[in-house]
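> no sequence for this one, just the structure:
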Ligand SMILES: C[S@@+](CC[C@H](N)C(=O)[O-])C[C@H]1O[C@@H](n2cnc3c(N)ncnc32)[C@H](O)[C@@H]1O
């Protein structure tokens, strides 16, 4: 199975540079995926470092375990969300964490496996179920279930907030009308409904891209997971440790940018207050003033890298 799992790590050289790894380091890869970044991290921290790799996707974990089996117990794979990084670190009684990597979103393998339902390519869409769960064994509702159960107001709010979709209200209404007679089960059903709603004509982004993005975020609660994951990562890093995050759309990148900025500022008092009363100290120093983007060569070689934005920061002060 491992030879079938393909995913080219994005911004690999830049990520490794920003993680600033030394032999013996303890690193958390919160999104192990195809183990592309993990493999280079393990090379850097050998011979005696430890990489703890998390993923929600059990298939990704077992592939990573096989690929990196040569590293023995220098790699520990954990089936967990990165929002639980602090609990995973506690459960392993790790005294210190030198770096955390979050490479957000889905892997190429997940995207290219029609049964996972992440892609809406017309050619396969009749056979693509509306699933979209990163963790298909979780028992959480699939995209089809959400489309069946959610109210028009909920649907509209997801399309608006997570897809920034023009015509969100109209699409929500058309979905709730259509499901009265026929449930939406496949990507093709949803594509037909989007066309029927007649939204997004003449816009730069294909409305289907925005709708699928919004549903995926809702199914996996991705933005809350990211907020929690950033908190947990900041909490476990040692002073001087590095946090590196790669985002693939502006909603994610905005959350990363603002959390890093707030942590670098420290004080959360309203600006009109003459003196600080919150007493909060900065917990991060931002390293990448602007996000690092892939170069033309990388994009030509791996078009999925196109939207990537990498931000990194260093932990300040005493570990929380
Ligand atoms: C872009 S891929 C990572 C690719 C990896 N860096 C590599 O080089 O092969 C993102 C991975 O994160 C996982 N993932 C997404 N959200 C997650 C979460 N909240 N917690 C843990 N893993 C998550 C996905 O299942 C997917 O395998």
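Received the coordinates, thanks. Keep in mind that this is a model prediction, so the values were computed, not measured. Numbers count the residues shown, from 1 in each chain.
> show me what contacts the residue nearest to the spatial centre of the chain?
Closest residue to the average C-alpha location of the chain: residue 104 at 2.4 Å, with Cα atoms, centre = their mean. Each residue near residue 104 by Cβ atoms under 8 Å, 6 or more residues apart in numbering is listed here: 31, 222, 226, 245-248, 252. The way it works is simple: take the backbone N, C-alpha and C, and place the C-beta from them, glycine included.
> Tell me the buried residues in the helix or strand encompassing residue 176?
Assigned by DSSP states H and E, residue 176 falls within helix 168-181. Neighbour-count burial for helix 168-181 flags 168-169, 171-172, 174-176, 178-179 (criterion: 16 or more other Cβ atoms under 10 Å).
> swap in stretch 301-308?
Using 16+ other Cβ under 10 Å as the test for burial, stretch 301-308 gives 302, 304-305, 307-308.
> so which pair among the residues you listed is furthest apart in space?
Spanning the widest gap among these are 302 and 307, at 11.6 Å by Cβ to Cβ.
> name the element the closest residue to the ligand within the stretch 151-300 of the chain belongs to?
Nearest to the ligand in the stretch 151-300 of the chain, going by Cβ to the nearest ligand atom, is residue 225, at a distance of 4.1 Å. Assessed by DSSP H and E, residue 225 sits inside helix 222-236.
> Could you find the closest non-adjacent residue to residue 14?
In space, and not counting its chain neighbours, residue 14 is closest to residue 292: 5.1 Å by Cβ to Cβ, 6 or more residues apart in numbering.
> what do you get for residue 298?
Closest residue in space to residue 298, ignoring its immediate chain neighbours: residue 305 at 5.1 Å, by Cβ to Cβ, 6+ apart.
> number of nearby residues for the nearest residue to the residue of the stretch 151-300 of the chain closest to the ligand once chain neighbours are set aside?
Distance criterion Cβ to Cβ, 6+ apart; nearest residue to residue 225, sequence neighbours excluded, is residue 83 at 4.8 Å. Around residue 83 there are 21 other residues, counting by other Cβ atoms under 10 Å.
> Quick one, grab the pLDDT at the residue of the stretch 151-300 of the chain closest to the ligand.
What the model reports as pLDDT for residue 225 is 98.
> so who does residue 32 touch?
Here residue 32 is in contact with 38, 53-55, 60-61, 64, 77 (criterion: Cβ under 8 Å, 6+ apart).
> Among the residues you listed, name the ones in helices.
38, 60-61, 64 (DSSP state H).
> From these, list the ones also adjacent to the ligand.
residue 60 (Cβ under 6 Å from any ligand atom).
> and which of the ones in helices among the contacts of residue 32 is nearest the ligand?
residue 60 (4.2 Å).
> Go ahead and confirm the residue nearest to residue 225 touches residue 223.
No: in this structure residue 83 lies outside contact range of residue 223 using Cβ atoms under 8 Å: 11.2 Å.
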